[in-house]
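>>> Quick one: sequence and predicted model below, then my questions.
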Amino acid sequence: MASKLPLVESIGMATKTLRSNRLRSFLTMLGIIIGNSSVITLVGVGRGAQNLAEGQLSNLGANVLFVVPGNNDTRRRGVAFPRNLILEDSNAIKEQVPSIKRVAPQISSNEVVQIGPRSTTSSISGITPDFLPVRSFEIANGRFITDQDLRAARNVVVIGPDLKNKLYPVSSAVGENLRIKDQSFKVIGVMEPKGAVFGNNQDENAYIPLTTMVSRLTGRDPTYGISLSFISVEAINSESTGAAKFQITNLLRQRHKILRDDDFAVRSQKDALKIVSTITGGLTLMLAAIGGISLLVGGIGIMNIMLVAVSERTQEIGLRKALGARSSDVLIQFLIESLILSSFGGVIGTFVGIGAVSTVAALTPLPATIGGVTILITVTLSGTIGLFFGVVPARRAAILDPIVALRSL
């Protein structure tokens, strides 16, 4: 009985066979290369989207809760938010909720801002001095709005760096005057860059005292008084955000005399991160599945080419069996050939995918990235796919009758 062919010799024979058909071997690997690079690129882009969203959420400030008018039902239907969140609610939260540190009420409105011939539309926010620490903003030039500005309802404004560059491309802007809705305002400060949150560029915003916003731009609501766009609340620490959310909800339900559905919502940064992680995680999974289909197609390509190779190498297989090779030796050689093709294709595809991810990260705002575990899993998966799809042609070669195979000589 013939002895089993050593594994090293089988690997050598498989490698020699593949080298003798370099073009075919490369074209066979091409499907795996495309599939592997697709998986890595798409997963990297998905993770980049998740990192971008989480980075933007971190710009909202630490331990921050947002109290907004309207409930989930009005948001789903796209109904305009009711004007039922008022300044007295903000004052009540500040005075009666023990687990919060600061409160920053805010009124926002889009207005035309101009200086001489230059003009642009910007989001104007009426705020209080606590806005700066609550939302973790910093001043680059000048100063921020003070309690004196608030009490006197002064026409002063702090602008974002992008808005400053649009209106004052040369000067420092501090001390200059600009017009907001036909009202003259003195620029007292310029913010440090903060970045965008969900498409809203905070560096293009302008900030004025809340009292000035009410008296000069928006006015009072005849029913509710000073209606707010939302309230930013800073909890004492990260552990107290849950308690703060519970206490604020109970307080506002009492103040608004709510018996059934709330007419407001309290959202934390953690809630937003959880929603974003769910969405981007699903997106990444979907993109990985799309890339996985490419890998599957590559595996089918390997099987087809190997089946053709079995047909072309019928004489070789019959001669080997006639000289004493066992069916298992032929089976192992064809499996090794499939494994080499898929593994090398996976490695090449990995480098292509890493290059694509690096290019996306360098040329776009998306911080695309890929982890070592993902790379290892993808390479292993490509090798497994090649091995799996190589079984059918390998079995066909192994069970080939040497007498029938030698008839074609």
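On my side now, so go ahead.

>>> in stretch 305-313, what's buried?
Under the neighbour-count criterion of 16 or more other CB atoms under 10 Å, stretch 305-313 has 305-306, 309-310, 313 buried. Heads up, the C-betas are built off the backbone N, CA and C, glycines and all.

>>> lowest average confidence, helix or strand, in this structure?
One helix or strand of the chain scores below all others by mean pLDDT, DSSP states H and E: helix 72-77, with a mean of 49.

>>> Return the set of buried residues in stretch 162-174.
162-164, 166-168, 173-174.

>>> Just the CA trace of it, in PDB.
The C-alpha trace of stretch 162-174 is given here as PDB (Å, rounded to 0.1, in the frame of the first residue of the first chain):
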ATOM      1  CA  ASP A 162     -16.200  80.800  10.900                       C
ATOM      2  CA  LEU A 163     -18.700  83.600  11.100                       C
ATOM      3  CA  LYS A 164     -15.900  85.900  12.100                       C
ATOM      4  CA  ASN A 165     -13.900  84.800   9.000                       C
ATOM      5  CA  LYS A 166     -16.900  85.500   6.700                       C
ATOM      6  CA  LEU A 167     -17.600  89.000   8.100                       C
ATOM      7  CA  TYR A 168     -14.200  90.100   9.300                       C
ATOM      8  CA  PRO A 169     -11.600  88.300   7.100                       C
ATOM      9  CA  VAL A 170      -8.900  90.800   8.000                       C
ATOM     10  CA  SER A 171      -9.600  92.400  11.400                       C
ATOM     11  CA  SER A 172      -9.900  90.700  14.800                       C
ATOM     12  CA  ALA A 173     -13.700  91.600  14.900                       C
ATOM     13  CA  VAL A 174     -13.600  92.400  18.600                       C
END
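
>>> Quick check: mean pLDDT of it?
For stretch 162-174, mean pLDDT rounds to 89.

>>> Pull the residues that contact it.
113-115, 118, 120, 122, 141-142, 159, 176, 178, 187-190, 193, 201, 203-206 (CB atoms under 8 Å, 6 or more residues apart in numbering).

>>> got the contact list for the residue nearest to residue 327 when sequence neighbours are not counted?
Spatially, and ignoring its direct neighbours in sequence, residue 327 is nearest to residue 398 (4.2 Å; CB to CB, 6 or more residues apart in numbering). With contact taken as CB under 8 Å, 6+ apart, residue 398 is in contact with 327-328, 330-331, 334.

>>> now those in JSON lines, with pLDDT, secondary structure and neighbour count?
Converted to JSON lines, the contacts of residue 398 look like this (pLDDT from 0 to 100; DSSP: H, G, I helix; E, B strand; the rest coil; neighbours: other CB atoms under 10 Å):
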{"residue": "327", "pLDDT": "71", "secondary structure": "helix", "neighbour count": "15"}
{"residue": "328", "pLDDT": "73", "secondary structure": "helix", "neighbour count": "12"}
{"residue": "330", "pLDDT": "73", "secondary structure": "helix", "neighbour count": "25"}
{"residue": "331", "pLDDT": "76", "secondary structure": "helix", "neighbour count": "20"}
{"residue": "334", "pLDDT": "76", "secondary structure": "helix", "neighbour count": "26"}
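
>>> Can I get the residues you listed in JSON lines including distance to residue 197?
Shown next, in JSON lines, are those (distance: CB to CB, whole Å):
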{"residue": "327", "distance to residue 197": "65"}
{"residue": "328", "distance to residue 197": "63"}
{"residue": "330", "distance to residue 197": "63"}
{"residue": "331", "distance to residue 197": "59"}
{"residue": "334", "distance to residue 197": "56"}
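
>>> of all these, which comes closest to residue 17?
residue 334 (9.5 Å; CB to CB).

>>> Make sure that closest one is actually in contact with residue 392.
No - in this structure, residue 334 is not within contact of residue 392 by CB atoms under 8 Å, at 9.8 Å.

>>> check contacts around residue 142.
Counted by CB under 8 Å, 6+ apart, residue 142 has contacts 158, 174, 187-190.

>>> now with 7 Å?
174, 188-190 (CB atoms under 7 Å, 6 or more residues apart in numbering).
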